[in-house]
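[1] give the three-dimensional model of this entry:
(one chain, ligands or ions: 2)
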Amino acid sequence: MAESISVLISEEDVAKRIEEMGRQISEEYEGKQIHMICVLKGGVFFMCELAKRVSVPVSLDFMSVSSYGDGTASSGVVRIAKDLDESLEGKDVLVVEDIIDSGRTLYYLLDILAKRRPASMKLCTLLDKPDRRVRDVKVDYVGFEIPDEFVVGYGLDYAQKYRNLPYIGIVSGVE
Ligand code: IMP
Ligand code: MG
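    Numbering: from 1, shown residues only. Ligands and ions are numbered 1, 2, ... in the order given. Take a look at the predicted model:
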């Protein structure tokens, strides 16, 4: 069967929701500077859009962890492939993710980052699949809760494809 994509969340709905999240985050961080940490590569599209809609000062840093191969199931193995450039000490950190699935990646990552003594640390994700959670992680801002389907677009990939889709789609016809 050939791979095909059906729209789960339209480009317009994603944009509207990110705008709301930006407004909420701006209010809650008033008077502060947000140090946004993007978890590459999936989080990058969301972080750019979110950062543009936040009215308080923002600084950005990037890290890359891998827990997945090219398939659709979590291996549970997490490795830091690229660490942050800057220290987190004293900063108000907002970790920005594309999706929280089993929670394994974030469980591991938040533990490491907390040891770097940020003033505060919150977690923001565009998508959440609560039914799939294996590890308990506290998510402060969620764009959309979605059912247990493998999704692509807006940074999310299947075998490194489809990250550039401007909407969230469900991919079918994959192994
Ligand atoms: P977790 O450790 O299981 O929470 O997985 C987190 C990572 O798995 C995400 O940051 C994504 O990179 C990837 N992932 C989980 N679910 C999906 C999906 O439906 N589509 C694409 N990537 C996903
Ligand atoms: Mg990710």
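
[2] packing partners for the longest helix seen in the chain?
    Ranked by number of residues, the top helix in the chain under DSSP state H is helix 11-28. Contact analysis of helix 11-28 by 3 or more CB pairs under 8 Å, 6 or more residues apart in numbering; DSSP states H and E lists helix 44-52, strand 120-128, strand 141-145 as its packing neighbours. For every residue, glycine as well, the C-beta is placed using N, CA and C.

[3] which parts of that helix are buried?
    With burial defined by 16 or more other CB atoms under 10 Å, the residues of helix 11-28 counted as buried are 14, 18, 21-22, 25.

[4] need the CA coordinates for it. CSV is fine.
    What follows is helix 11-28, C-alpha atoms only, in CSV (Å, rounded to 0.1, in the frame of the first residue of the first chain):
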residue,chain,number,x,y,z
GLU,A,11,-2.9,24.7,9.0
GLU,A,12,-5.4,27.3,10.1
ASP,A,13,-6.3,25.5,13.4
VAL,A,14,-2.6,25.0,14.2
ALA,A,15,-1.9,28.7,13.7
LYS,A,16,-4.9,29.8,15.8
ARG,A,17,-3.9,27.5,18.7
ILE,A,18,-0.2,28.6,18.6
GLU,A,19,-1.4,32.2,18.8
GLU,A,20,-3.5,31.4,21.9
MET,A,21,-0.6,29.6,23.5
GLY,A,22,1.7,32.5,22.8
ARG,A,23,-0.7,34.9,24.4
GLN,A,24,-1.1,32.7,27.5
ILE,A,25,2.7,32.2,27.9
SER,A,26,3.3,35.9,27.5
GLU,A,27,0.9,36.6,30.3
GLU,A,28,2.3,34.0,32.6
